[in-house]
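*Asks:* predicted model, plus sequence, below.
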Amino acid sequence: QVQLVESGGGLVQAGGSLRLSCAASGRTLSSYLMGWFRQTPGKERVFVALTSWSGTGIYYSNSVKGRFTISRNNAENTVYLEMNSLKPEDTAVYYCAAAGKFTTRAYEYEYWGQGTQVTVSS
């Protein structure tokens, strides 16, 4: 079992930055890949970025590549999403999730956090 708790969302102006955190707990965290997804009302969750706990595998969606950075602190079992040059279209609820394999498909992620709202004003 893996428990995930996100934090760090908020309201920011376009061009600004935010850092999201995902605190993870569970016995076999090293077995999971950690991903970030986002969702806007009425739409499906969309992949943003993922990382393995070892750091050997990091992958971004094209829409955030070069602006967002995913990282992790293994000692604190925390995964971060540093978001820079934010745009209004980045507005969404951001979710942290854990999967047992390398995937960008939301339905293949087994565990999810409760989500944190990010709002980017123009």
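*Replies:* Okay, I see it. All values derive from a computational prediction rather than experimental measurement.
*Asks:* without its sequence neighbours, what residue ends up closest to Ile58?
*Replies:* In space, and not counting its chain neighbours, Ile58 is closest to Thr51: 4.9 Å by CB to CB, 6 or more residues apart in numbering. Bear in mind the C-beta positions are built from the backbone N, C-alpha and C, glycine included.
*Asks:* what kind of secondary structure is the one you found in?
*Replies:* strand (DSSP: H, G, I helix; E, B strand; the rest coil).
*Asks:* part of a helix, is Glu89?
*Replies:* Yes: secondary structure of Glu89 (three-state DSSP): part of a helix.
*Asks:* burial of Leu20, as a residue count?
*Replies:* Look at Leu20: counted by other CB atoms under 10 Å, it has 24 neighbours.
*Asks:* name the helix or strand for the residue nearest to the spatial centre of the chain, please.
*Replies:* In the chain, the centroid-proximal residue (CA atoms, centre = their mean) is Trp36; its distance is 2.3 Å. Under the criterion of DSSP states H and E, Trp36 resides in strand 33-39.
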